[in-house]
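Undergrad: Here is my input, please return the structure:
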Amino acid sequence: MSSTATPEGESRSRPWLAAVLAFVMPGAGHLYLRSWIRALLWFGLFYTTFLLVVPTEAQQVEFSVEGLLTAVRAVPLEAQVAVVGITALNMADAYWLATKENASVAAGGAATCPNCGKELDDDIDFCHWCTTRLEDPVNDENGA
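TA: Numbers count the residues shown, from 1 in each chain. From the prediction side, this is the model:
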């Protein structure tokens, strides 16, 4: 999870930043949170909806103020509601996911690297941030 480090070395995401990124580009807030599949699904849902409900003449716009205003006027109200609704749900999901991950970290749900203090993946036996080799906790408990 992209994050900031707290004084205790815990990894924390900024929910407001995830929501702002989701507003700028659907799926970007989830990329910030390293939720790859969710990011791909939100990106795909938004652009599929955009391509299906927005008329072709509104999609091909020249980059000028007049061209943008003409394109906005060509988009029906139903399409505008659909695109804005998906964007709002995307932002809410990114905010909720970041808040949930922060609560998990605060509760001690995420292991951190003893060297750099960043969050570790459970699947690998080294820190993917600083490449520090991690000891096997099973062997340490048995005294091996």
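
Undergrad: okay, CA-based contacts and neighbour counts for the rest of this
TA: Will do.

Undergrad: Which residues does stretch 71-82 contact?
TA: Stretch 71-82 is contacted from outside by 49, 50, 53, 54, 55, 57, 58, 59, 60, 61, using Cα atoms under 8 Å, 6 or more residues apart in numbering.

Undergrad: again, 10 Å this time
TA: In this structure, residues lying in contact with stretch 71-82 by Cα atoms under 10 Å, 6 or more residues apart in numbering are 46, 49-62, 65-66, 68, 84-85, 87-88.

Undergrad: tell me which residues in it are buried?
TA: The neighbour-count check on stretch 71-82 (16 or more other Cα atoms under 10 Å) flags 71, 72, 75, 79, 82 as buried.

Undergrad: Now that stretch: average pLDDT?
TA: Average pLDDT, stretch 71-82: 89.

Undergrad: now the strands for the protein?
TA: Using DSSP state E, the strands found in the chain span residues 4-5, 11-12.

Undergrad: what's near enough to touch residue 128?
TA: Neighbour list for residue 128: 113, 118, 119, 120, 121 [criterion: Cα under 10 Å, 6+ apart].

Undergrad: swap in residue 130?
TA: Going by Cα under 10 Å, 6+ apart, residue 130 touches 113, 115, 116, 117, 118.

Undergrad: Among those residues, name the buried ones.
TA: Among the contacts of residue 130, the ones that count as buried by 16+ other Cα under 10 Å are 113, 117, 118.

Undergrad: and which of those residues is nearest residue 125?
TA: Nearest to residue 125 among these is residue 113, at 10.7 Å by Cα to Cα.
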